[in-house]
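Undergrad: please find the sequence and the predicted model below.
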Amino acid sequence: MPRGEIKADATFGDTEKPTNAGRVTRLWKGVAMMALVAGIALLIGALSGGRDVLQPLASRRSAAAPASSGLAFQPVKNLAELQTRVQAAQGRYVMLDFWAEWCVSCKEMERFTFSDPRVQGRLRDPALRRCRRGATER
């Protein structure tokens, strides 16, 4: 130590690091790096006009086709139209699907649940109605 410098070293208890401290640090750095990559992918997807949170870079592909459920939902715009269509169902079950472009759960239902052949088989008989709600709709 050069002359004139004062070294302050205050230790309280054991100064030894646990043996797995390096592993835990590397683990958290890896988690942070994955979060950074996912965030960058979401940002690039949003800036390029992507609207799918589950696949943020899908709009960057040249042949990106939106997944369709194969179920024929009929749109309903207001309560009076819904009541008319429920009466027109003539005693059949009516399934009402509330859907919005910004809703991640709605997109998951469309992509994974409604596209399942078993679900489609069960939903053949009911009258299918969809209430679509956007950010500006009331």
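TA: The structure has been received and is ready for your questions.
Undergrad: what's near enough to touch the spatially most central residue of the chain?
TA: The centroid of the chain falls nearest to Val104 when counting by Cα atoms, centre = their mean (4.3 Å). By Cβ atoms under 8 Å, 6 or more residues apart in numbering, the residues touching Val104 are Val53, Leu54. Every residue, glycine included, has its C-beta placed from N, CA and C.
Undergrad: relative to Gly45, how far out is it?
TA: 13 Å (Cβ to Cβ, to the nearest Å).
Undergrad: find the residues that touch each one of these two.
TA: Taking Cβ under 8 Å, 6+ apart as the contact rule, Val104 and Gly45 touch no residue in common.
Undergrad: just checking the distance from the host helix or strand of Ala41 to the centre of its chain.
TA: Using DSSP states H and E, Ala41 sits within helix 21-47. Chain-centre distance of helix 21-47: 17 Å, with Cα atoms, centre = their mean, to the nearest Å.
Undergrad: the chain should start at 23 in everything you say after this.
TA: In the new count, where the first residue is 23, that last one comes out as helix 43-69.
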